[in-house]
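Peer 1: Turn this into a model:
(2 chains)
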Number of protein chains: 2
Amino acid sequence: MKIIPAQEFEMKRESDYGTPEQNAAVKEIIQAVRREGDAALLRYTEQHDKIKLIAGSLRVQESELQAAYDQVEPSFVNAIRAAAERIRSYHQRQKRNSWMDLQPDGSILGQIIRPLQRVGVYVPGGKAAYPSSVLMNVIPAQVAGVPEIVMVTPPATGGTEGINPYILVAAAEAGVTEMYRVGGAQAIAALAYGTDSIAPVDKICGPGNIYVALAKREVYGAVNIDSIAGPSEIVVLADDTAEPSYVAADLLSQAEHDEMASAVLVTPSRQLAEAVAVEVERQLELLPRRDIARASIDSYGAAVVTASLDEAISIVNRLAPEHLEIMTQDPMEIMGSIENAGAIFLGPYSSEPVGDYFAGPNHIIPTNGTARFSSPVDLDDFIKKSSMIYYSKEALLRDGETIMELARREGFEGHARAIAIRLEQEQASQTGGNDHEL
Amino acid sequence: MKIIPAQEFEMKRESDYGTPEQNAAVKEIIQAVRREGDAALLRYTEQHDKIKLIAGSLRVQESELQAAYDQVEPSFVNAIRAAAERIRSYHQRQKRNSWMDLQPDGSILGQIIRPLQRVGVYVPGGKAAYPSSVLMNVIPAQVAGVPEIVMVTPPATGGTEGINPYILVAAAEAGVTEMYRVGGAQAIAALAYGTDSIAPVDKICGPGNIYVALAKREVYGAVNIDSIAGPSEIVVLADDTAEPSYVAADLLSQAEHDEMASAVLVTPSRQLAEAVAVEVERQLELLPRRDIARASIDSYGAAVVTASLDEAISIVNRLAPEHLEIMTQDPMEIMGSIENAGAIFLGPYSSEPVGDYFAGPNHIIPTNGTARFSSPVDLDDFIKKSSMIYYSKEALLRDGETIMELARREGFEGHARAIAIRLEQEQASQTGGNDHEL
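Peer 2: Here you go, the predicted model:
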């Protein structure tokens, strides 16, 4: 891993918007699904997944779910349950209530918070099928109270209609209410616009390949989507109290994700930087995914040496990393100076995989520096808010003239008259009322 | 206004993604600003706004702000202050705190909530310069604690560098900290990428013409943006207890916005529908903006007659309108059945302009049916969240094996090893420790 001084460091980051051909293919698939519905889903599944499904067989049956539970190890079920419980418990802390403010004038102002009605979660197939990612996408929706949570995932390539049993078990434990064996851009189109088998959803979440990502961008507006993640990133902020072998292991756990993942150490200690670089080399050779990790470390990895801890902090804030580990003398004190980071891991035992799998906070976190203005997935992603105004007669009589002045200043006489017609009527009825009383 | 039965009604909605020429022009402007900075801002301002600014004069000076206060009526300043106070007070209710959960095992999990650092607000010039819109964009950012709030707005066309004094006063009252006389796509580019005069922001808000909207879409990713609004909409849900002249006035206050605004009455009462249609005709003729309102009512307006109040409610939920007024016998009871609506106005005195200008909730509300999955602007739009994990040694020793099982199941041996190296070290040091004690 290269050791470089702070002033020479710039973080390399990649975004993939697809080739024109990929974009065109995705548009065509979406149009076909909108036009032909299920028939298009079956045709693309045969084309891309090499599986000929019969009509009416898209939905995963209860019996298949039972079979999946029989196939996986009991220790896996226990591990998923333990993780799900912790994730659920963390996200429950984010629950928010609707509220109302009763005013002395009899008016009521409020904010109503409701779960989305129906959410779709895309789960990749094949090697990228990660049970932990199912938990992280589904549990916040379930805790938010979304009544209908739909999973779509491609059937295993090569002749079987089956779905990875670990995915099915994770989905059931997380609280998915419907599952369909369909993947790719066609699955996204089905979630957005609906077919005979799959009713449309309000929001689509979950990672996927470039076709899935482009399809999500394309249907955005008709439905909501989560953000589209770039390659995963870790920045470790450490001083000479850090254990080099821990730092190296954590950097490598990010680097093994993919060739474009980035793993960066930022430290005022050249000695630590050198020790970590040695450890990275040593540990790298022992990893099964060493080719991927090597490519990532060579292209996107660095040990950045700063003049001071303050400079290290300011670099972290500029990078706004997805994951930040702080391994220093007093990590809590440094945390107060961190402006921009998606998830912050403090101290020697808070290795990033603790958060990837188990601790409770979501592992879907803003990448590519977007932690400057966005946030990890949480309950807020699965609710909608309505504001509520009940204005009393007293309040309108008091404020009407002011509202009319503001409306007329903007040239909206019609707005002013909607107030005026009420004020006039009230004056008339008050006069009328007085007449009556005479 | 046409009266139609429920089964024949479909809401017409428009989205504008610009012509290929407009998209190309916007891309060119953004590239020029990135390349040339202030020079490009001055050039485009001369081209589009016909104003030759000198270098260094983009920023609005304190003396101009003072002059603006001298120009506007004191009653306007008072009205803006009263509105700002109510809007501020409503948004303050949305404040959220960071939190931490201390676990019995010594671990700490938390969520840190911070304001964005720097926000840009676009304010249109000319006839579309609305002081109320300045308040609604700026106050939530200010209440959220955003330290730097930057307004950009085009200088008045035709030779003067001046900016509408009502806009300047509204901006100052709302809490803008910097103001620049630049508009169009070039202003958006400057906010996103920065120039010598204007430092880049984290998020860009505010309405604008099609070039501004396309530029916001284009820079999204480099910065965050608010949603891009479609034409404004009102749905009035009413029964025969509603006052037809109020309903008509409220429909027209929406219709006068622009030709594509939509104003729809949904009611089980044919009698009300007919009375409202008559009132709309009567009031329409008296409006200064009657040509616009007429076009809107003819193309997008309707009085929809349903078989029952329940059917009316279900139509509202399907439409997910930006603004919903409920004028029925018991509006609070109906509110509980409303799933999808951006802002809900209850009872005869809660005319939409009350919320547009004064009541307190934000008037920037999801259009085009997106209230199904999105929400009015509020404090959440101006914060970022970080999750925080401090895992204790005890917790890692307890959970390490489970985390490793989940990581290995996904093929991430490097993740497992980041845990394993810590468990091994602890075991070694415990053995070492025990040796010492012997």
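Peer 1: What ranges in chain A fall below the confidence cut-off?
Peer 2: Along chain A, segments meeting pLDDT under 70 span A:157-161, A:432-438.
Peer 1: need the contact list for the closest residue to residue A:361 other than its chain neighbours.
Peer 2: Leaving aside its sequence neighbours, residue A:361 sits nearest to residue B:387 (CB to CB, 6 or more residues apart in numbering or on different chains; 3.5 Å). C-beta coordinates here come from the backbone N, C-alpha and C atoms, glycine included. Counting by CB atoms under 8 Å, 6 or more residues apart in numbering or on different chains, residue B:387 touches A:342-344, A:355, A:361-362, A:365, A:376, B:109-112.
Peer 1: ok, so of these, who is nearest residue A:236?
Peer 2: Nearest to residue A:236, judged by CB to CB, of the contacts of residue B:387 is residue A:344 at 11.5 Å.
Peer 1: Does the closest one have any beta-bridge partners, and if so which?
Peer 2: Legend: beta-bridge partners of residue A:344 under DSSP bridges are residue A:324, residue B:388.
Peer 1: Look at it and say how many residues are nearby.
Peer 2: 26 (other CB atoms under 10 Å in any protein chain shown).
Peer 1: ditto for residue A:54
Peer 2: 8.
Peer 1: Can you classify it as helix, strand or coil?
Peer 2: coil (DSSP: H, G, I helix; E, B strand; the rest coil).
Peer 1: Same check on the one 10 residues further on?
Peer 2: When states are read from three-state DSSP, the local structure at residue A:64 comes out as helix.
Peer 1: Would you map the strands across the stretch 201-350 of chain A?
Peer 2: Secondary structure of the stretch 201-350 of chain A (DSSP state E, counting those that start in this stretch): strands located at A:203-205, A:224-225, A:233-238, A:262-267, A:302-305, A:323-327, A:343-346.
Peer 1: Just checking: what are the partner strands of the shortest one?
Peer 2: By that I understand strand A:224-225. Strand pairing for strand A:224-225, using DSSP bridges, gives strand A:203-205 (parallel).
Peer 1: Centre of the chain to the partner strand, how far?
Peer 2: Chain-centre distance of strand A:203-205: 9 Å, with CA atoms, centre = their mean, to the nearest Å.
Peer 1: contacts for it?
Peer 2: Residues from elsewhere that reach strand A:203-205, judged by CB under 8 Å, 6+ apart: A:116, A:119-122, A:137, A:141, A:188, A:191-192, A:216, A:219, A:223-226, A:377, A:381-382, B:373.
Peer 1: so which of the strands of the stretch 201-350 of chain A comes closest to residue A:147?
Peer 2: With respect to residue A:147, and counting by CB to CB, the nearest of the strands of the stretch 201-350 of chain A is strand A:203-205 at 13.3 Å.
Peer 1: ok, back up a step: would you write a PyMOL line that selects the buried entries of the contacts of residue B:387?
Peer 2: Applying 16 or more other CB atoms under 10 Å in any protein chain shown to the contacts of residue B:387, the buried members can be selected in PyMOL as follows:
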select buried, (chain A and resi 342+343+344+355+361+362+365+376) or (chain B and resi 109+110+111+112)
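Peer 1: Kindly indicate which of the contacts of residue B:387 lies nearest residue B:335.
Peer 2: Distance to residue B:335 across the contacts of residue B:387 (CB to CB) is lowest for residue B:111, with 30.5 Å.
Peer 1: That closest one: what's it in contact with?
Peer 2: Residue B:111 neighbours (CB under 8 Å, 6+ apart): A:93-94, A:361, A:378, B:98-99, B:385-388.
Peer 1: show me what contacts the closest residue to residue A:178 other than its chain neighbours?
Peer 2: Leaving out its chain neighbours, the residue that sits closest to residue A:178 by CB to CB, 6+ apart is residue A:150, at 4.6 Å. Listed by CB under 8 Å, 6+ apart, the contact set of residue A:150 reads A:118-121, A:176-180, A:191, A:198, A:201.
Peer 1: Sticking with residue A:150, tell me its helix or strand.
Peer 2: strand A:148-153 (DSSP states H and E).
Peer 1: what's the next secondary structure element after that strand?
Peer 2: Where DSSP H and E defines the elements, the next helix or strand beyond strand A:148-153 is helix A:165-174.
Peer 1: and that following helix with chain B, contact?
Peer 2: Yes: applying CB under 8 Å from any CB of the partner chain, one finds helix A:165-174 touching chain B at residue A:166.
Peer 1: What is the distance between that helix and the centre of its chain?
Peer 2: How far helix A:165-174 lies from its chain's middle: 19 Å, per CA atoms, centre = their mean.
Peer 1: could you give the angle of that helix to strand A:148-153?
Peer 2: Taking axes from the mean of the first three to the mean of the last three CA atoms, to 10 degrees, helix A:165-174 and strand A:148-153 form an angle of 170 degrees between their directions.
Peer 1: Which elements pack onto helix A:165-174?
Peer 2: helix A:62-71, helix A:74-92, helix A:131-144 (3 or more CB pairs under 8 Å, 6 or more residues apart in numbering or on different chains; DSSP states H and E).
Peer 1: So what touches the very next helix or strand once past it?
Peer 2: Under the assignment DSSP H and E, the closest C-terminal helix or strand after helix A:165-174 is strand A:178-181. Strand A:178-181 is touched from outside by A:45, A:53, A:57-60, A:65, A:148-155, A:161, A:163, A:168, A:171, A:187, A:190, A:197-198, with contacts defined as CB under 8 Å, 6+ apart.
Peer 1: Which among the residues you listed count as buried?
Peer 2: Buried members of these, scored by 16+ other CB under 10 Å, are A:45, A:53, A:58, A:60, A:65, A:148-155, A:161, A:163, A:168, A:171, A:187, A:190, A:197-198.
Peer 1: Quick check, residue A:345 in contact with residue A:351.
Peer 2: Yes: between residue A:345 and residue A:351 a contact is recorded at 7.2 Å, counting by CB atoms under 8 Å.
Peer 1: Identify the contacts common to these two.
Peer 2: Residues touching both residue A:345 and residue A:351 (CB under 8 Å, 6+ apart): A:325, B:391.
Peer 1: domains of chain A?
Peer 2: Structural domains assigned to chain A are A:3-14+A:230-359, A:20-225, A:394-437, following automatic domain parsing.
Peer 1: I'd like to know which of those domains is closest to residue B:310.
Peer 2: Closest among the domains of chain A, once you apply CB to CB, is domain A:20-225, at 17.6 Å.
Peer 1: Can you give me the end-to-end span of that closest one?
Peer 2: 22 Å (CA to CA, to the nearest Å).
Peer 1: go on, stretch A:225-245?
Peer 2: End-to-end for stretch A:225-245, by CA to CA: 39 Å.
Peer 1: And for residue A:127, nearest residue in space, chain neighbours not counted?
Peer 2: Using CB to CB, 6+ apart, the closest residue to residue A:127 is residue B:411 (6.9 Å).
Peer 1: Out of the contacts of residue B:387, name the ones that lie in strands.
Peer 2: Among the contacts of residue B:387, the members falling in strands (DSSP state E) are A:343-344, B:109-112.
Peer 1: Next, find the distance separating the nearest residue to residue A:97 once chain neighbours are set aside from residue A:99.
Peer 2: What sits nearest to residue A:97 in space, not counting adjacent residues and going by CB to CB, 6+ apart, is residue A:113, at 6.8 Å. Using CB to CB, to the nearest Å, we find residue A:113 at a distance of 8 Å from residue A:99.
Peer 1: In contact with the residue positioned nearest the centre of chain A, which residues are there?
Peer 2: What sits nearest the mean C-alpha location of chain A, by CA atoms, centre = their mean, is residue A:377, with 4.0 Å. Residues in contact with residue A:377 (CB under 8 Å, 6+ apart) are A:136-137, A:140, A:205, A:226, A:362, A:364-365.
Peer 1: what's the most distant pair in those?
Peer 2: Across the contacts of residue A:377, no pair lies farther apart than A:205 and A:365, at 13.6 Å, counting by CB to CB.
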